[in-house]
Every structure is written in C-alpha cells, then in structure tokens.
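1. Quick one, what's the 3D model for this:
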Amino acid sequence: MRSSDKVLILSQDYELFFGNSGSPERCLLEPTNALLECAVKHSLKITFYVDAGMLMKMRQLASSSRTLSRTLDQVSAQLRNIVSAGHEIGLHIHPHWQETRWTENGWDFSGTRYKLSQFSDSESESLVKDYHRVLADTCGHAPVSYRAGGFCTDSFSAISDCLFDLGVTVDSSVVPGAKLVDREKGFDFSDSPDIPNWRFDTDPEMAAADGRFVEVPISPVNLPVSYYWGRLLSRFTGRIPSGQFGDGSSKTFNRTEAVRRLLGLRRVAEMSIDLPKVYELARVSRNHTRSVVHIMGHPKLLANQSIDLLVKFIRQANISESQTVESFSRRVRTRPLAGQTRRR
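-> Model prediction:
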C-alpha cells in the first residue's frame with residue numbers, strides 16, 4: 001500500500017435491539033440488503049459481526065414457533081449470501097441471550113446478564129464455543145475475528161485461550177479514547193493506542209510486539225455536546241430518528257452517564273454510519289488525515305441517508321481501497337508492530 005492510499009474498513013453489528021427488540025425484517029433483513037446493494041455499486045467489502053447468541057436462541061426455539069422458524073430461515077439465507085458475496089462474518093457475543101425468553105409479545109430481556117464478565121470463566125468459555133459453532137454452521141464458514149458486545153472487553157483475558165484455539169485471532173472491539181460509565185455495560189478505552197492496528201496477548205488495550213492477537217480498532221470521533229442532547233432526548237422519549245430502518249428501541253443509559261454526556265464530559269465515540277452519528281462524517285471528511293479509517297454501524301440504526309453519506313465520505317476522503325477486518329489484519333502479521341501512540 002502506498003503512503004498516499006487511504007483504506008476504508010466498514011463493519012456492522014448484525015443484531016436486534018436490547019430493549020424493544022424490533023422486527024427482524026426492519027432491523028436486519030431490509031437494511032442489510034440495502035447496504036449490500038451499496039457494496040456492489042461501490043466495490044465495498046464489509047465485516048458483519050453477527051450476534052451468535054440470537055442465532056442459537058432462534059435455533060433452540062424454532063421447532064416450537066413458526067415465527068422463529070421462518071425468521072431463522074431468512075436470517076440464515078442472508079448470512080450465507082453475505083459470505084458468498086465475499087464479505088466477512090465475524091463473531092459477536094451478547095450473552096444476555098442465554099437468559100432471554102420468547103413470549104407471545106416477543107423477546108423478553110428482563111433480568112438478563114449483559115456482559116460476559118458477569119458469567120464464570122467456565123460458563124464464558126462454553127458460551128464462546130457454542131456461539132462460534134452455531135455461527136460457523138449457519139454461514140458455512142468459521143469466523144476468525146471477534147467483537148465484544150457493547151465493546152465490553154473486560155472479559156477478554158478469560159476467553160482468550162478459547163478464542164485462539166478456535167482460530168479467532170483478530171479483535172475489533174476497541175474505540176480509542178471512548179468511555180462509557182455504566183455498571184452493567186461500561187467500558188473505558190481512555191488509554192488505548194490510537195493507531196490503525198496493533199498486536200496484543202490477553203488485553204486488547206495493551207499492545208505487545210509478539211502478541212498472538214491483532215486489534216483492528218474502530219476509528220474515534222469527537223462529537224459535539226449538541227449531539228448528546230438530541231440523542232438523549234430521543235432515548236427518553238422513545239422517538240425513532242426519521243428514516244431509520246429499525247423499528248425497535250435500546251435500553252437507556254444510567255443517570256451518571258446521561259449527566260456526563262449532557263455536560264460534554266464524554267466526547268469521544270465510534271465513527272459510525274448509524275443515525276444520527278452519520279451526520280458527523282461530513283465534518284470529519286473535510287479534515288480527514290487518517291490513512292486507515294474504520295467506520296462501524298448497526299443495520300437496525302441505518303437509514304437511506306446513512307448509505308448516501310457514506311458514499312459521499314468515501315469520495316471526499318479520497319478512499320482508495322476497501323478491506324474487511326480480517327483481510328486488513330493479515331497485513332499486521334507480515335510486518336513489525338507500528339510505533340505506539342497512547343492517549344493521555
């Protein structure tokens with residue numbers, strides 16, 4: 001790759017909402033198809049981090065529910081089409097599915113544990129093996145990269161040997177500089193390196209020159225305080241942003257994090273094509289200096305303007321190449337670790 005080339009990595013967390021789950025048609029199938037059409041038109045490669053716990057739960061209950069059986073067939077077919085089109089399927093773990101219930105009103109997430117760190121080490125390893133297997137069986141291809149649900153990487157050391165033994169040697173969970181204060185689903189990447197990639201052993205934030213894993217972080221962006229006021233208002237009122245594909249809603253943050261955001265004390269977030277974060281891409285593209293930009297998102301949070309603004313960003317930022325997380329990580333294994341820049 002020439003020094004003047006700019007690489008785009010685009011990843012999507014393929015999952016339902018944690019709250020009011022929303023419909024698979026609106027949250028998964030329709031927006032993903034729109035994104036795949038864009039990928040064909042603009043020669044993009046995408047990594048889809050598939051919520052494997054969702055797949056497993058659907059498999060377990062499909063025989064007793066025509067609705068779930070039909071949904072499982074539709075989702076499985078879409079995932080196989082993703083693989084056949086040359087995109088990547090990655091392992092995404094939200095362990096709350098272990099305790100989620102299917103009712104006449106849909107999915108009931110109440111009382112479930114959100115993070116892997118809330119499970120024992122042996123439970124976590126068993127869960128990782130089961131989720132990896134069901135994802136490989138569904139897609140016909142074993143995943144080699146991983147993203148922690150909610151970016152909660154605090155359990156990585158407990159599952160690192162299991163992941164490595166399964167051939168999952170790439171992580172993409174870190175957003176350098178980002179922080180979320182929440183007892184149930186918090187994270188803190190304040191001290192993470194802010195470079196396109198690095199190697200590590202058991203802690204994705206701690207670079208190690210001979211590490212057995214590769215980290216491909218999501219590019220950070222500084223959001224204005226006005227963004228948080230608008231977003232928090234939407235969360236508290238349950239209002240869905242205009243044009244959004246997904247028809248569900250997320251669980252609200254706790255009061256501490258809400259105050260931090262309203263006061264502008266948490267400015268760093270992931271670069272994303274989700275509504276309404278996608279509107280920040282126009283601002284970022286004008287001052288874009290990164291040689292590698294990793295933009296993530298969720299099909300459930302996309303809108304047609306998400307795709308339009310992504311295409312505009314690619315043009316304005318002079319992107320010359322599109323890579324999956326896995327294909328980009330191969331480069332790291334063939335060269336020494338880059339110099340580290342740590343956030344202060």
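2. which parts of stretch 275-285 are buried?
-> Of the residues in stretch 275-285, those scored as buried under the neighbour-count criterion (16 or more other C-beta atoms under 10 Å) are 275-278, 280-281, 284-285. Where C-beta positions appear, they are placed from N, C-alpha and C, glycine not excepted.
3. Closest one to L301 out of those, please.
-> L275 (5.8 Å; C-beta to C-beta).
4. That closest one belongs to a helix, doesn't it?
-> No: assessed with DSSP: H, G, I helix; E, B strand; the rest coil, L275 is coil; it does not lie in a helix.
5. Model confidence for it, exactly?
-> Per-residue confidence at L275 stands at 91 (pLDDT).
6. With L116 instead?
-> pLDDT, L116: 96.
7. before we move on, the earlier item: can you lay out the buried residues of stretch 275-285 as JSON lines showing distance to H92?
-> Formatted as JSON lines, the entries for those read as follows, by distance: C-beta to C-beta, whole Å:
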{"residue": "L275", "distance to H92": "20"}
{"residue": "P276", "distance to H92": "23"}
{"residue": "K277", "distance to H92": "19"}
{"residue": "V278", "distance to H92": "21"}
{"residue": "E280", "distance to H92": "24"}
{"residue": "L281", "distance to H92": "23"}
{"residue": "V284", "distance to H92": "25"}
{"residue": "S285", "distance to H92": "28"}
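8. Mind giving me the packing neighbours of the lengthiest strand in the chain?
-> Using DSSP state E, we find that the single longest strand of the chain is strand 7-14. Contacts of strand 7-14 with other secondary structure elements, assessed using 3 or more C-beta pairs under 8 Å, 6 or more residues apart in numbering; DSSP states H and E, are made with helix 30-42, strand 46-51, strand 88-93, strand 292-295, strand 321-323, helix 325-332.
9. So which bits of stretch 300-312 are buried?
-> With burial defined by 16+ other C-beta under 10 Å, the residues of stretch 300-312 counted as buried are 300-303, 305-307, 309-310.
10. Quick check: mean pLDDT of the longest strand of the chain?
-> When pLDDT is averaged along strand 7-14, the result is 98.
11. Partner strands of it, with direction?
-> Here strand 7-14 has these sheet partners by DSSP bridges: strand 46-51 (parallel), strand 292-295 (parallel), strand 321-323 (parallel).
12. how about the shortest one: buried residues?
-> By 16+ other C-beta under 10 Å, the buried positions in strand 321-323 come out as 322-323.
13. any idea how far it is from the chain center?
-> Distance of strand 321-323 from the chain centroid (C-alpha atoms, centre = their mean, to the nearest Å) equals 18 Å.
14. same check, this time on the first one
-> The gap between the average C-alpha position of strand 46-51 and the chain average comes to 7 Å, counting by C-alpha atoms, centre = their mean.
15. buried stuff in whichever helix or strand comes after that strand?
-> Under the assignment DSSP states H and E, the closest C-terminal helix or strand after strand 46-51 is helix 52-61. Counting neighbours by 16+ other C-beta under 10 Å, one finds that the buried residues in helix 52-61 are 52-59.
16. likewise stretch 134-144?
-> 134-136, 138-139, 143-144.
17. What is the nearest of these to W97?
-> The shortest distance between W97 and any of the buried residues of stretch 134-144, using C-beta to C-beta, involves V134 and amounts to 10.8 Å.
18. I'd like the distance between A77 and R133.
-> Taking C-beta to C-beta, to the nearest Å as the criterion, A77 is separated from R133 by 19 Å.
19. Give the residue spans of the stretch 151-300 of the chain that score low on pLDDT.
-> Along the stretch 151-300 of the chain, the model assigns pLDDT under 70 to residues 231-232, 234-241, 252-262, 264-266, 286.
20. And the helices in the stretch 201-344 of the chain, which stretches?
-> Per DSSP state H, counting those that start in this stretch, the stretch 201-344 of the chain carries helices over the ranges 225-237, 255-262, 280-286, 304-316, 325-332.
21. how deep is E123 tucked in, by neighbour count?
-> 15 (other C-beta atoms under 10 Å).
22. That one looks like it's in a strand, true?
-> No: when classified by three-state DSSP, E123 is found to be helix rather than part of a strand.
23. quick one: contacts for N197?
-> With C-beta atoms under 8 Å, 6 or more residues apart in numbering as the criterion, the residues that contact N197 are 214-217, 292, 328-329, 331-332, 338.
24. Try it again at 10 Å.
-> With contacts defined as C-beta atoms under 10 Å, 6 or more residues apart in numbering, N197 is in contact with 9, 170, 172, 207, 214-217, 292, 294, 325, 328-329, 331-332, 337-338.
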